[in-house]
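> Provided below are the primary sequence and the corresponding predicted coordinates.
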Amino acid sequence: MSLATDSQPSPAAQLTPERLREAYRLMLAIRRFDERALELYRAGEMRGTTHPYIGMEAVAVGVISALEPHDYVSSTHRGHGHTIAKGGDMRRMMAELLGRATGYCGGKGGSMHIADMERGMLGANGIVGGGMGLATGAALTAKLRGSGQVAICFFGDGALNQGILHEVSNLAAIWKLPVVYVCENNQYAMSARADWSVAGGDPAGRARAYGIPGVTVDGMDFFAVYDAASALVTRARRGDGPAYLVCDTYRYHGHHAGDPLNYRQRAEVEEWRRHDPIERMKRALGERGVLTDEAAAALDREVQAAVEDAVAFAKSSPEPSVDQLMTDIYA
């Protein structure tokens with residue numbers, strides 16, 4: 001699928017300096033937030049575990065930067081990056097991680113259930129592939145209402161063989177729903193390598209079975225992700241239906257905070273770190289004259305201060321009271 005023409009510059013080339021700096025800031029915020037979350041887990045201050053998004057920042061920011069504020073996003077168990085990129089409140093996120101009443105779910109959901117419906121963030125999900133039906137349903141409502149909204153469904157390579165993916169892909173193709181299925185191929189489903197467990201080679205090729213586009217990009221490159229996402233979102237918004245976007249990326253840390261990581265080689269991790277998405281973005285913005293080293297350092301300090309503010313807010317917030325035990329449930 002062609003993402004640009006000679007007569008039309010790529011979408012990323014048309015981003016203003018302000019939007020580029022904001023994208024870089026969001027990538028920094030995702031990393032610093034999850035680094036701090038890992039520290040809190042290791043200090044025994046977090047209830048439950050957390051699944052760090054560190055190393056994958058270009059995917060969340062590249063895709064969500066291509067959306068409008070009213071568009072929808074469904075997430076995964078590794079959802080902090082998507083929430084921050086969608087404009088989520090780091091204070092409420094951190095409070096949720098620490099089980100406080102000021103969290104997004106009142107402190108009762110934890111890391112894997114953060115949602116912000118006002119921002120179209122349909123929630124993280126502890127069920128593998130659990131967001132696929134949510135995003136497809138949101139896309140159906142958008143089409144029926146004629147709202148012009150698009151839904152993004154993030155999922156990992158470990159969800160590629162979930163039956164629901166094939167069901168929703170078929171329905172979305174038949175009904176030409178405005179949804180883009182974004183596979184974050186971070187190479188491992190827990191400890192199982194994608195090339196051991198996913199048949200057929202490139203997962204984007206599966207899109208052909210439904211007569212829809214399938215695109216694979218370098219998920220460590222913000223600009224590649226943004227260009228591909230912009231083209232597929234534009235296509236969906238004008239009524240041409242769904243598509244697959246596969247972003248080849250890598251998680252630097254384990255599947256979860258307690259993962260011993262005894263299933264991969266140090267050389268593999270070091271090779272992926274050579275393509276760090278934040279460092280690549282920083283170099284690219286420097287070459288464009290958009291961001292100096294001094295400005296980048298100042299931005300990092302600003303982000304780290306915001307993360308520490310979120311931690312302080314969370315720690316000073318009350319725990320849920322006993323009378324909240326039976327609220328926010330169905331039965």
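Received it, and whenever you're ready, just let me know what you need.
> Flag every buried residue along stretch 152-169.
152-160, 162, 164-165, 168-169 (16 or more other Cβ atoms under 10 Å). Any C-beta I mention is one placed from the backbone N, CA and C, and that applies to glycine too.
> Can you tell me which of these end up in strands?
Ile152, Cys153, Phe154, Phe155, Gly156 (DSSP state E).
> Bridged to the third one, which residues?
In this structure, Phe154 has beta-bridge partners Val182, where bridges are defined by DSSP bridges.
> Assumed Glu184 was part of a helix.
No: Glu184 sits outside any helix when classified using DSSP: H, G, I helix; E, B strand; the rest coil, being strand.
> Now do it against Gly158, distance only.
Shown here: Glu184 relative to Gly158, a distance of 10 Å by Cβ to Cβ, to the nearest Å.
> ok, now Thr234?
In terms of Cβ to Cβ, Thr234 sits 29 Å off from Gly158.
> same question, Arg31
From Arg31 across to Gly158, the span is 22 Å (Cβ to Cβ).
> ditto for Gln149
28 Å.
> same deal with Gln187?
Computed as Cβ to Cβ, the Gln187 to Gly158 distance reads 10 Å.
> which residue packs closest to Thr292, ignoring adjacent ones?
Spatially, and ignoring its direct neighbours in sequence, Thr292 is nearest to Gly286 (7.0 Å; Cβ to Cβ, 6 or more residues apart in numbering).
> a helix runs through that neighbour, doesn't it?
Yes: counting by three-state DSSP, Gly286 is part of a helix.
> dump the residue contacts of it.
By Cβ atoms under 8 Å, 6 or more residues apart in numbering, the contact list for Gly286 reads Thr292, Asp293, Ala296.
> now the helices: where do they sit in this protein?
17-42, 57-64, 80-85, 90-97, 131-145, 163-175, 194-197, 222-237, 266-273, 277-287, 293-316 (DSSP state H).
> Let me know which of the ones you listed is the nearest to Val215.
Closest to Val215 of the helices of the chain, according to Cβ to Cβ: helix 222-237, at 5.1 Å.
> State the mean pLDDT of that closest one.
Averaged over helix 222-237, pLDDT sits at 98.
> now it, how far from the chain's geometric center?
Here the centre of helix 222-237 is set off from its chain's centre by 15 Å, with Cα atoms, centre = their mean, to the nearest Å.
> By mean pLDDT, flag the weakest helix or strand of this protein.
helix 194-197 (a mean of 79; mean pLDDT, DSSP states H and E).
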